[in-house]
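Chemist: Sequence plus predicted model, see below.
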Amino acid sequence: MTVYNTIIIGGGSSGLLSAIHLDDKKSIMLEKNDTLGKKILITGGGRCNITNNNSLENYVKSFYNGGNFYRTAFSSFFNKDVINLLESNGCKTKIEENERVFPVTDKASTVQKTFIRILNKSNTKYTLNTNVNSVKKENDLFIVETDDSRIFKSKFLILATGGNMYPRTGSTGDGYKFAKNFGHKITKQMAGLAPLKISEKWINKLQGIDIEVKLEVKANKKSVLKDKGSIIFTHNGISGPVILNNSMEIEKHLRKNQNVIITLDFCEQYSYEELDRKLQEDFSKNSNKSIKTYLHNYLPKRMSNEYLNHLNIDPTKILNQINKKERNIIRDSLKRLVLTVSEVLEKEAFVTNSGVKRKEINPNTFESKIVENLFIVGELIEGCGISGGYNLQQAYSTGTLASKTIRKRLLYDSY
């Protein structure tokens with residue numbers, strides 16, 4: 001039986017970069033899906049937010065539980081490196097708002113196919129439709145058994161399975177099971193970057209509408225966070241960058257059975273008093289304009305009708321038919337629309353916030369501190385970054401550092 005130098009379990013972002021940088025004919029990657037990089041296809045809304053072009057210091061600030069843990073990994077392979085790797089292989093990129101990097105094609109498949117093409121030019125082997133059933137270590141060798149009873153053996157093992165938040169992409173929590181069998185502890189299950197389910201059903205009719213807001217979150221009537229950014233109304237709640245980035249903090253309060261509400265301010269540029277004066281002046285100057293049309297000054301066109309229905313104000317009314325009470329209702333709701341959070345939708349989370357405890361992993365190599373020659377990379381590690389390409393970069397960087405470490409040891413052993 002062939003004894004491989006390295007076996008990589010998982011062919012997602014971290015696994016792909018591990019395999020590419022190993023570039024070793026005696027190493028193999030095992031992927032359970034029928035294609036590599038399946039989760040890449042759904043990132044960035046199907047466009048693939050490849051990475052973020054921000055500085056290392058901004059990266060460190062953008063990870064929950066602290067990004068200092070990834071300094072060595074980012075120094076080993078960072079945003080410019082992955083951009084150069086893709087562009088030198090035909091995948092041109094562009095930088096958009098908040099330093100987010102996308103392929104110029106706006107197609108995630110372009111990124112996926114480019115990584116596969118790069119891997120195919122390397123020496124590392126891979127096999128698809130290979131579901132690992134069990135992993136153990138005996139006499140300094142890792143023994144990996146698949147569902148179809150195949151046995152693979154290796155000196156080194158890289159766990160790059162991802163978390164358990166996107167089962168349809170193969171992220172079903174297998175890595176947690178393997179890591180626990182090796183003696184690692186897994187943090188309490190918690191989603192990262194997840195949308196919210198909202199109790200108020202009327203907003204479901206706003207599905208697909210996005211808008212910039214200032215928001216405040218209160219738990220049991222106490223303010224717990226304030227932020228601003230883009231939200232997107234969904235079929236059962238709200239999502240968007242500012243929601244995803246704060247979902248973990250919101251989930252903490254829901255788990256304490258606290259009543260959590262979000263207030264949305266659509267007119268941050270005006271105080272209550274300023275907005276009140278503006279509404280009075282505008283209603284007077286544009287008395288024959290419909291209230292529905294007038295609200296387009298503050299809300300997306302598709303939103304006005306349902307918004308007014310929610311306020312029990314006839315959308316066909318013209319401004320001179322709106323009484324003072326109705327005007328005040330409009331003012332108050334533009335400054336403070338209250339939504340009740342019923343659930344953080346963990347099954348729709350983009351990343352996992354739980355995973356193998358960091359204190360059990362060497363941040364200079366991403367080798368297990370418990371089992372020699374076992375490496376744990378990517379989303380399998382506890383904690384996650386904010387949205388915007390940070391989590392994919394963490395996957396690339398940790399996978400690359402693990403492989404570089406293994407290559408050095410293989411080179412040393414050859415002497």
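Modeler: Arrived safely, thanks for sending.
Chemist: buried stuff in the longest helix seen in the chain?
Modeler: In the chain, taking DSSP state H as the definition, the longest helix is helix 390-414. In terms of neighbour count (16 or more other Cβ atoms under 10 Å), helix 390-414 has its buried residues at 390-407, 409-410. In short, each C-beta sits where N, CA and C put it, glycine included.
Chemist: What strand or helix carries Leu215?
Modeler: If you go by DSSP states H and E, Leu215 is part of strand 210-219.
Chemist: for Asn309, same thing?
Modeler: Per DSSP H and E, Asn309 falls inside helix 301-310.
Chemist: could you point out which element follows that helix?
Modeler: Downstream of helix 301-310 (by DSSP H and E), the next one is helix 324-335.
Chemist: picking that back up, what's the average pLDDT for the strand holding Leu215?
Modeler: Strand 210-219 comes out with an average pLDDT of 96.
Chemist: sorry, back to before: contacts for the helix holding Asn309, please.
Modeler: Applying Cβ atoms under 8 Å, 6 or more residues apart in numbering, the contact partners of helix 301-310 are 202-203, 205-206, 208-209, 211, 291-293, 295-296, 299, 314-315, 333.
Chemist: Selection in ChimeraX covering whichever of these are buried, please.
Modeler: Remark: buried members of the contacts of helix 301-310, expressed as a ChimeraX selection using 16+ other Cβ under 10 Å:
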select :203,205,206,209,211,291,292,295,299,315,333
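Chemist: quick one on the thing from earlier: what residues sit buried inside the strand holding Leu215?
Modeler: 211, 213-219.
Chemist: go on, stretch 319-328?
Modeler: Within stretch 319-328, the residues that count as buried by 16+ other Cβ under 10 Å are 319, 322, 326-327.
Chemist: Endpoints of that stretch, how far apart?
Modeler: By Cα to Cα, to the nearest Å, the extent of stretch 319-328 from end to end equals 13 Å.
Chemist: rewinding a little: with pLDDT added, can I get the buried residues of stretch 319-328 in a markdown table?
Modeler: Output for the buried residues of stretch 319-328, formatted as a markdown table (pLDDT from 0 to 100):
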| residue | pLDDT |
| --- | --- |
| Leu319 | 95 |
| Ile322 | 94 |
| Glu326 | 96 |
| Arg327 | 95 |
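Chemist: could you say what helices and strands the lowest-mean-pLDDT helix or strand in the chain packs with?
Modeler: Lowest on mean pLDDT, DSSP states H and E among the helices and strands of the chain sits strand 191-192, with a mean of 77. Helices and strands touching strand 191-192, by 3 or more Cβ pairs under 8 Å, 6 or more residues apart in numbering; DSSP states H and E, are helix 241-254, strand 351-352.
Chemist: I'd like to check what contacts the first one. Which residues are they?
Modeler: Right, the one you point to is helix 241-254. Outside helix 241-254, the residues that touch it by Cβ under 8 Å, 6+ apart are 64, 190-196, 213, 215, 217, 219-220, 224-225, 227-232, 260, 341, 343-344, 349-350, 353, 386-388.
Chemist: What of stretch 269-289?
Modeler: For stretch 269-289, using Cβ under 8 Å, 6+ apart, the contacting residues are 267, 294, 297, 318-320, 322, 327-328, 330-332, 334-335.
Chemist: now these as CSV including distance to Asn68?
Modeler: Output for those, formatted as CSV (distance: Cβ to Cβ, whole Å):
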residue, distance to Asn68
Cys267, 39
Tyr294, 50
Asn297, 45
Ile318, 59
Leu319, 55
Asn320, 61
Ile322, 55
Arg327, 52
Asn328, 50
Ile330, 47
Arg331, 46
Asp332, 44
Leu334, 41
Lys335, 39
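Chemist: OK, contacts around Gly399?
Modeler: Counting by Cβ under 8 Å, 6+ apart, Gly399 touches 13-18, 21, 158, 160, 377-378.
Chemist: Quickly list the domain ranges of the chain.
Modeler: Using automatic domain parsing, the domain parsing of the chain gives 3-190+353-414, 194-348.
Chemist: Low-confidence regions, the stretch 151-300 of the chain specifically.
Modeler: For the stretch 151-300 of the chain, the stretches flagged by pLDDT under 70 are 164-172.
Chemist: What segments of it are strands?
Modeler: 151-159, 191-192, 196-198, 210-219, 222-233, 237-239, 260-265 (DSSP state E, counting those that start in this stretch).
Chemist: Which strands and helices lie in contact with the fifth one?
Modeler: I take that to be strand 222-233. Counting contacts by 3+ Cβ pairs under 8 Å, 6+ apart, strand 222-233 is packed against strand 210-219, strand 237-239, helix 241-254.
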